[in-house]
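Chemist: sharing a sequence plus its predicted fold:
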Amino acid sequence: MRERIQRAIDDMVAGGSETGLQVAVLKDGEAVVDATAGRTGPGGPPVTPATLFYAASTGKGVAVTVAHVAVERGFLGYDTRVAAVWPEFAAHGKGRVTLREVLLHTAGVPGLPPDLTVEDMCDWDRMCSLIAAAPPWWTPGTKTGYHAQTFGYLLGETLRRATGWTLSTLLREEVTGPLGIADEVHFGVPENLLPRVATQVPGPAPQRPEPGSPPARATPPAVMPDAAYANRRDVLTSDIPSAGTMSARGVARMYAALLGHIPGVTLVSPARRDLMATPTFSGIDQVMGFPTTWAYGYSPYRPGGVGSRPGSTFGMIGSNGSAAWADIDTGMAVAVMRNRFAAGDLTAVETVGRIVAEGSG
């Protein structure tokens, strides 16, 4: 597996479809692949296992993990009403929205003002005020719609109000610190670690949604992620936890710990792990317009398309083509990081997924 993955990512870089890549695979908690290829940016140094990559919505899987660990620790429950800890959120009839509905993208508040700026995104209190004051698009809990940008603030403020800790603090204290990866998985990147962040390189121009359409209302034009957005210092250093910045080996270790395979660290019980991975809500995505299924905050999608029973695979994919996931049955935890920002290009993720699946039997 190691040789096949290394050859595959070397070929992608040599062929010009990728600039830099990282792949990490853990089997039953043991690293079996820690591969890199290419450079951290045009003319930059080679990618190393310690390089950090902006990973877009792959960071949602990290935020969701923090939420499940918080439930495991007893800070709150899946049926905790958001407004019980964040009273302002009750506006416009949202008082009964629960943490469960936030995790399943059924809370009904995916939208943001059309004139939203990147500077707004970097202002935690402003973003939380906007979301608290927003009317829901549907009766919460009855439909699903991808909360592309609002998800991290909604989840993070709920946890902050319930615990007194910011999402980044919870991540460090309850997840990355105990796992020894506090320098490798981030929402806001500490200033001293910015030199380790790879430069995102523009790929083909992303297709922009029609003005006024549900996707455009969920992600206004000024904050539509692309390479320039991902390279901004203020974006990288701010807590915008619908996204994240990380190394492949760091986030793969987090997923290995969720599987229960890191000695001395228990993030969740086996029963909670199984619940987290269970496909729980399906429907037409009210933002994206196509059928979708969510597990408890994670996508149940299996990269590579090679079979796995429903409820075995859980993780998250980023719009820039990064991904991280775990599979209960095979004991595999996998992460793929890249710095060619080509929205929707999952070639590297799919290729790695197939190789991992073929080598996991």
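Modeler: In hand now; what should we look at? Fair warning: this is a prediction, and the values are worked out from it, not measured in the lab.

Chemist: now for residue 57, how many residues are close by?
Modeler: When neighbours are counted by other Cβ atoms under 10 Å, residue 57 registers 24. Using the backbone N, CA and C atoms, a C-beta is placed for each residue, glycine as well.

Chemist: quick one: contacts for it?
Modeler: Counting by Cβ atoms under 8 Å, 6 or more residues apart in numbering, residue 57 makes contact with 148, 242-243, 316-319.

Chemist: from those, which is closest to residue 233?
Modeler: Residue 233 lies nearest to residue 243 out of those, by Cβ to Cβ, at 14.8 Å.

Chemist: what about the closest residue to the closest one other than its chain neighbours, helix or strand, and which?
Modeler: Closest residue to residue 243 apart from its sequence neighbours, by Cβ to Cβ, 6 or more residues apart in numbering: residue 59 at 4.4 Å. Assigned by DSSP states H and E, residue 59 belongs to helix 58-72.

Chemist: beyond the helix or strand where residue 33 lies, next helix or strand please.
Modeler: Taking DSSP H and E as the criterion, residue 33 maps to strand 30-38. Downstream of strand 30-38, the first helix or strand assigned by DSSP H and E is strand 53-54.

Chemist: in its sheet, what does that next one sit against?
Modeler: Strands that pair with strand 53-54, judged by DSSP bridges, come out as strand 245-246 (antiparallel).

Chemist: contacts for the strand it pairs with?
Modeler: With contacts defined as Cβ under 8 Å, 6+ apart, strand 245-246 is touched by 52-55, 58-59, 62, 184-187, 189, 197, 236, 324, 335, 337.

Chemist: give me the mean pLDDT for it.
Modeler: What strand 245-246 shows for mean pLDDT is 98.

Chemist: so where is the stretch 251-361 of the chain shaky, pLDDT-wise?
Modeler: For the stretch 251-361 of the chain, applying pLDDT under 70 flags the ranges 306-307, 360-361.

Chemist: mind redoing it with 90?
Modeler: 302, 304-310, 342-344, 358-361 (pLDDT under 90).

Chemist: export the contacts of residue 57 to JSON lines and tack on secondary structure, neighbour count and distance to residue 331?
Modeler: Below are these laid out as JSON lines (DSSP: H, G, I helix; E, B strand; the rest coil; neighbours: other Cβ atoms under 10 Å; distance: Cβ to Cβ, whole Å):
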{"residue": "148", "secondary structure": "coil", "neighbour count": "25", "distance to residue 331": "31"}
{"residue": "242", "secondary structure": "coil", "neighbour count": "24", "distance to residue 331": "29"}
{"residue": "243", "secondary structure": "coil", "neighbour count": "29", "distance to residue 331": "28"}
{"residue": "316", "secondary structure": "strand", "neighbour count": "26", "distance to residue 331": "19"}
{"residue": "317", "secondary structure": "strand", "neighbour count": "23", "distance to residue 331": "21"}
{"residue": "318", "secondary structure": "coil", "neighbour count": "28", "distance to residue 331": "24"}
{"residue": "319", "secondary structure": "coil", "neighbour count": "22", "distance to residue 331": "28"}
